[in-house]
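Asker: Give me a 3D structure for the following:
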Amino acid sequence: MPVLFISGTGTEIGKTVTTAAVAAAALAAGRSVAVLKAAQTGVGPDERGDAAEVARLAGPVMATELARYPEPLAPGTAARRAGLAPVHPHEVAEAAAKLATEHDLVLVEGAGGLLVRFDAAGGTLADAAELLRAPVLVVAAAGLGTLNTTELTARELRSRRVELAGVVIGSWPKSPDLASRCNVADLAEVAGAPLLGALPAGAGDLPPAEFRTAAPGWLAPRLDGTWDAEAFRVRQAP
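Answerer: This is a model prediction of the structure:
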């Protein structure tokens, strides 16, 4: 997977921390990594964006963003309100393809969910992944409601014939409720793709050195980790 798109099933789902964990695990496996934030919203010119946060947690990655807009809105809306040029899917695909010539792995982080609009024409992260024929890793919530949003995301990817690499739970609670425990088994079924990891709640607050050491233990071997989905499912079974 020279290019892997990372999308959430919504906002505040743990997408950036998951991106950092995937980057950290790949670095630990000896791979060179680039992180591309397609469109950064809700931060000022001198504030740290998501790509920089991935680099802070994961270590020496090439971190870049294509555009930055000040208001915390969908990229297309934020660009229009700021009077700035939007990002188009072909620009995301072209930037990712270029980075892939220079790195073993390119992680392209979206904004919110899969179909959040980047431009007035309705371009999305899904369009960029479709252009590159690159897989998408979906970051999902643990609790009630996640099965619906995960299945909708998976169906959209299938309709475009874009590979769903798998699902990662972006924030696994210290004291999971019944719905979360049941969802461990059900997420893979509704997605039609494997569960590839579960990040503990608060992972992004760890000191970077601790984060980098722990990250491979949160992710399955396909993501350069050691996490065992079946063992996790058995431990969490209600």
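Asker: show me where pLDDT drops low in this structure?
Answerer: 1 (pLDDT under 70).
Asker: hey, where'd the strands end up in it?
Answerer: Under the criterion DSSP state E, the chain contains strands at 3-8, 33-37, 40-41, 62-65, 68-69, 105-113, 136-140, 164-172, 195-200.
Asker: Quick check: which of those strands is buried the most?
Answerer: Among the strands of the chain, the stretch with the highest mean neighbour count (mean count of other C-beta atoms under 10 Å) is strand 136-140, at a mean of 28. C-beta coordinates here come from the backbone N, C-alpha and C atoms, glycine included.
Asker: which strands and helices sit next to that one?
Answerer: strand 3-8, helix 15-28, helix 125-132, helix 146-159, strand 164-172 (3 or more C-beta pairs under 8 Å, 6 or more residues apart in numbering; DSSP states H and E).
Asker: That one pairs with which strands?
Answerer: Paired neighbours of strand 136-140 in the sheet (DSSP bridges): strand 3-8 (parallel), strand 164-172 (parallel).
Asker: nearest to Glu109, of those strands?
Answerer: Across the strands paired with strand 136-140, Glu109 has its closest neighbour in strand 3-8 (5.1 Å, C-beta to C-beta).
Asker: Any chance of TSV for the helices and strands packed on strand 136-140, columns distance to Leu115?
Answerer: Formatted as TSV, these follow (distance: least, C-beta to C-beta, whole Å):
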stretch	distance to Leu115
strand 3-8	9
helix 15-28	15
helix 125-132	6
helix 146-159	7
strand 164-172	14
